[in-house]
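> Quick one: sequence plus predicted model below, questions after.
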Amino acid sequence: MSLILLGLGGAAVFIGLIASMIGVGGGIFMVPLLSLSHLVGTTQEAVGTSLAAIIFTSLSSSLAYRRQRVLDLRLGLAVMPGAVAGAWLGAYLTRFISSGWLAVAFGIFLLYPAGMMLRGRQPREIALLFRRSRAEGRYHPLEAAALGLGSGLAAGFFGIGGGIVMVPAMAIFLGLDIVQAVATSLFVMGPSALIGSMEHLLQRHVHLELALPLILGITLGAQLGPRISTRMPKARLRQLFGLVLLYSSVNMILSGLR
């Protein structure tokens, strides 16, 4: 068992590294890892354990990006309340609405920013249709709050990580630089992960013995990721995020068609 936990911690270092570079919590990697390795009995347990670790992905990455002065703290605080409320509302609405075809539609929509980022480009063209200042990263607090609500709603409704929605949304509608979008997304997702993990803990879906090596590994990896991402050519960073976005898009389409 100790070897398994050691291997899990090693995998968590890599997950924390990649997640902190592209602005996601790491759940898209941790949930399959826990499920396919049969370390947990149900998907709910994998999600709950993953959320507990994501709290520390957010905290560790945010501190590292803050030291490098690329975290937009003001934007993060403006987006955060809407994101948390939207995530709760989205999860609540799944009780009443079948998300199958909506997941397909949303997955198709994600193909656009995925394609743009795979080409190494910043998907700002949509923003230019609204106002030229979007390309300069300017925004109104109410617009940031609305973006948080929409992103959180999509994340909670479709069951996808907030960063998958948040990073391209910030790039498209607010015109943020890719590194700023990644850093701010990681900062915003912390409270949502905390609330989600507490709910799963009450339902006994969190395996603390598995969460601990994940947390230790992710905390280390999340310190290394920002150092690499701020030095990496931004086109390459966009392409890396584009791959993850494409994976999420295809996965949503396939899951919606089942």
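Okay, I see it. As the structure is a prediction and not an experimental result, all values here were calculated from the model. Numbers count the residues shown, from 1 in each chain.
> and stretch 90-104, how far apart are its ends?
Chord length of stretch 90-104, first to last residue, is 16 Å (CA to CA, to the nearest Å).
> what's around Val165, how many residues?
Val165 is surrounded by 27 other residues when neighbours are defined as other CB atoms under 10 Å. C-betas here are computed from N, CA, C, even on glycine.
> so it is in which element?
When secondary structure is defined by DSSP states H and E, Val165 falls within helix 162-173.
> chain center to that helix, what's the gap?
If you compare the mean C-alpha spot of helix 162-173 with that of the full chain, they lie 9 Å apart, counting by CA atoms, centre = their mean, to the nearest Å.
> after that helix comes which helix or strand?
Counting by DSSP H and E, the element after helix 162-173 in chain order, helix or strand, is helix 178-202.
> Return the set of buried residues in that following helix.
Taking 16 or more other CB atoms under 10 Å as the basis for neighbour counts, the residues of helix 178-202 that come out buried are 178-194, 196-197, 200-201.
> now do stretch 2-20
Taking 16+ other CB under 10 Å as the basis for neighbour counts, the residues of stretch 2-20 that come out buried are Leu5, Leu8, Gly9, Ala11, Ala12, Val13, Ile15, Gly16, Leu17, Ile18, Ala19, Ser20.
> Output these as JSON lines; include the columns distance to His38, pLDDT and secondary structure.
Below are the buried residues of stretch 2-20 laid out as JSON lines (distance: CB to CB, whole Å; pLDDT from 0 to 100; DSSP: H, G, I helix; E, B strand; the rest coil):
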{"residue": "Leu5", "distance to His38": "15", "pLDDT": "82", "secondary structure": "helix"}
{"residue": "Leu8", "distance to His38": "13", "pLDDT": "90", "secondary structure": "helix"}
{"residue": "Gly9", "distance to His38": "18", "pLDDT": "90", "secondary structure": "helix"}
{"residue": "Ala11", "distance to His38": "15", "pLDDT": "90", "secondary structure": "helix"}
{"residue": "Ala12", "distance to His38": "17", "pLDDT": "91", "secondary structure": "helix"}
{"residue": "Val13", "distance to His38": "22", "pLDDT": "93", "secondary structure": "helix"}
{"residue": "Ile15", "distance to His38": "18", "pLDDT": "88", "secondary structure": "helix"}
{"residue": "Gly16", "distance to His38": "23", "pLDDT": "88", "secondary structure": "helix"}
{"residue": "Leu17", "distance to His38": "25", "pLDDT": "90", "secondary structure": "helix"}
{"residue": "Ile18", "distance to His38": "23", "pLDDT": "86", "secondary structure": "helix"}
{"residue": "Ala19", "distance to His38": "23", "pLDDT": "83", "secondary structure": "helix"}
{"residue": "Ser20", "distance to His38": "27", "pLDDT": "87", "secondary structure": "helix"}
